[in-house]
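Student: how would this look folded up:
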Amino acid sequence: MNEQPQKEETLFIIKELEINPSATQRDLSSSLNISLGKTNYLLRELIMRGFVKSSNFTNNPGKLRKINYLLTEKGLEEKLRLLKHFLQIKEAEYNKLKQEMEHSLNGKTSV
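Tutor: Modelled structure (predicted):
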């Protein structure tokens, strides 16, 4: 499996949960445009790794369970690590494009 899209999806989920801890899996799935099953899988991974804590805040048995997802300190560190990773990728892409453009401009002769 390609790790890059999963890292992007993980970063998106972390960012969304930081902004809206009461977002449902369906909300996240819709925003990210991935299946509900994959969203569930990614959230379980984040919880298992200690990046996110989940808490049930509805105790009424007649109502749907509502879950809050709380970003942990470890989750904030992961967010920063992922952001740094993507910035490094974008910087490398920029430098490559800049080099290609300079090479193209230097290769052309003026008439």
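Student: hey, let's count contacts and neighbours off CA atoms from now on
Tutor: Fine.
Student: Show me the longest helix that occurs in this protein.
Tutor: When the chain is parsed with DSSP state H, its longest helix is helix 73-107.
Student: how far does it sit from the chain's center?
Tutor: Distance, stretch centre to chain centre, for helix 73-107: 17 Å (CA atoms, centre = their mean, to the nearest Å).
Student: Remind me what it packs against, helices and strands.
Tutor: Helix 73-107 is packed against helix 3-19, with contacts defined by 3 or more CA pairs under 8 Å, 6 or more residues apart in numbering; DSSP states H and E.
Student: Run through who's touching the helix it packs on.
Tutor: With contacts defined as CA atoms under 8 Å, 6 or more residues apart in numbering, helix 3-19 is touched by Ala23, Leu28, Leu32, Leu42, Leu43, Tyr69, Leu70, Leu71, Gly75, Lys79, Leu82, Leu83.
Student: Mark which of those are buried, thanks.
Tutor: By neighbour count, with 16 or more other CA atoms under 10 Å, the contacts of helix 3-19 hold Ala23, Leu28, Leu32, Leu42, Leu43, Tyr69, Leu70, Leu71, Gly75, Lys79, Leu82 as buried.
Student: What about those residues, which are in helices?
Tutor: Leu28, Leu32, Leu42, Leu43, Gly75, Lys79, Leu82.
Student: From what I see, the first one and Thr39 are in contact.
Tutor: Think Leu28. Yes: checked against CA atoms under 8 Å, the pair Leu28 and Thr39 is within contact range at 7.0 Å.
Student: pLDDT weak spots in this structure?
Tutor: Residues of the chain that meet the criterion pLDDT under 70 lie in 1-5, 57-65, 108-111.
Student: same thing but 90
Tutor: Along the chain, the model assigns pLDDT under 90 to residues 1-9, 18-24, 31-32, 54-71, 102-111.
Student: gap between the residue lying closest to Leu42 once chain neighbours are set aside and Arg81?
Tutor: In space, Leu42 comes closest to Thr10 once its chain neighbours are excluded; the distance is 6.8 Å by CA to CA, 6 or more residues apart in numbering. From Thr10 across to Arg81, the span is 12 Å (CA to CA, to the nearest Å).
Student: Spit out the contact partners of Asn82.
Tutor: Residue 82: Leu, not Asn. Contacts of Leu82 (CA under 8 Å, 6+ apart): Lys7, Leu11.
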